[in-house]
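In: Predicted model follows, preceded by the sequence.
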Amino acid sequence: MTTLSALFHRHLPESLQGDAENISAQLLASIDEGQQKILLQRVLSDEAIGAQLVRALVGSQYVLESCCREPELLLHGLLMDAPYTPLSAVRIIEMADLSCCDCETSEALDKALRRLRRRLMTAIIWRDLNRLSDFREVCQSMTALAEACIQQALDFHYKTLSDKHGIPMGASSGQPQPLLVLGMGLSLIHISEPTRP
């Protein structure tokens, strides 16, 4: 499997050549033989994809660790689809809904959100390092990811608590009271409400 090392050497400047063997060995050690064949076939059949893979793995320890930890993320999420179209807020919300729709416990929700975050952050970083996105898109995607994760957690726990204790009602208004999350950034306060039943 020296071909992967050759790919790294071909796309790295001389100052980073020392990283090539280590990174390719680390990646290959985390995937089985069948996955190695899929990886090599994909990156060797498309020079641009090969160059993007090298830039992403060398440019981000997070991307490297994520791909080693979850080879399916690399083989399908990255090399096949995710990085090649912008990650709009609508798409991120759809992915969050799909990832969390079957969660029945808080542990399952936490796991689903961690996996979603890893998948989307890896794609955001890949697009950024390969100049497929601009700074505005990166910020918007990260904001949408944070908001989608908060909304999923809020909706899940609001429903869980409402099922257990009843829907909270305003003492004066007699109206259902939402659970609120205040997220304070540099210059904004964002209030997120649960989805109305």
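Out: Now that the structure is in, tell me what you want to look at.

In: next SSE after the strand or helix carrying Arg127?
Out: Using DSSP states H and E, Arg127 sits within helix 106-129. The first helix or strand that comes after helix 106-129 along the chain, using DSSP H and E, is helix 135-165.

In: Can you list the helices and strands that that following helix packs against?
Out: helix 89-100, helix 106-129, strand 181-184, strand 189-192 (3 or more Cβ pairs under 8 Å, 6 or more residues apart in numbering; DSSP states H and E). The way it works is simple: take the backbone N, C-alpha and C, and place the C-beta from them, glycine included.

In: Can you tell me which of these is most buried?
Out: Stretch with highest mean neighbour count among these: helix 106-129 (a mean of 19; mean count of other Cβ atoms under 10 Å).

In: So for this protein, the centremost residue is which one?
Out: Note on the chain: the residue nearest the mean C-alpha position is Leu120, at 1.7 Å, using Cα atoms, centre = their mean.

In: so it makes contact with Met95?
Out: Yes - counting by Cβ atoms under 8 Å, Leu120 does reach Met95; the two are 7.0 Å apart.

In: What residue in this protein is the furthest from its centre?
Out: Here the chain reaches farthest from its C-alpha mean at Ser172, the gap being 42.9 Å by Cα atoms, centre = their mean.

In: List phi and psi for that one.
Out: The phi/psi pair for Ser172 (degrees, to the nearest 10) reads phi -90, psi -40.

In: go on, Met169?
Out: In terms of degrees, to the nearest 10, the main-chain angles of Met169 are phi -120, psi 140.

In: which residues of this protein score low on pLDDT?
Out: Across the chain, residues meeting the criterion (pLDDT under 70) sit at 1-2, 80-84, 183-197.

In: same thing but 80
Out: Where the chain drops to pLDDT under 80, the residues are 1-6, 8-9, 11-21, 76-84, 182-197.

In: picking that back up, who wins for proximity to Arg69 among the helices and strands packed on helix 135-165?
Out: For Arg69, the closest of those is helix 106-129, at 7.8 Å, according to Cβ to Cβ.

In: Tell me which residues are up against that closest one.
Out: With Cβ atoms under 8 Å, 6 or more residues apart in numbering as the test, helix 106-129 has contacts from 52, 55-56, 59-60, 62-63, 66-67, 69-70, 73, 77-78, 82-83, 86-87, 92, 95-96, 99-100, 102-103, 132-133, 137-138, 141-142, 145, 148-149, 152-153, 156-157, 160.

In: switch to 7 Å and redo it
Out: 52, 55-56, 59-60, 62-63, 66, 70, 73, 77-78, 82-83, 87, 92, 95-96, 99-100, 103, 133, 138, 141-142, 145, 149, 152-153, 156 (Cβ atoms under 7 Å, 6 or more residues apart in numbering).

In: Could you dump the helices and strands packed on helix 135-165 into TSV and include distance to Leu12?
Out: Formatted as TSV, the helices and strands packed on helix 135-165 follow (distance: least, Cβ to Cβ, whole Å):
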stretch	distance to Leu12
helix 89-100	31
helix 106-129	13
strand 181-184	39
strand 189-192	41
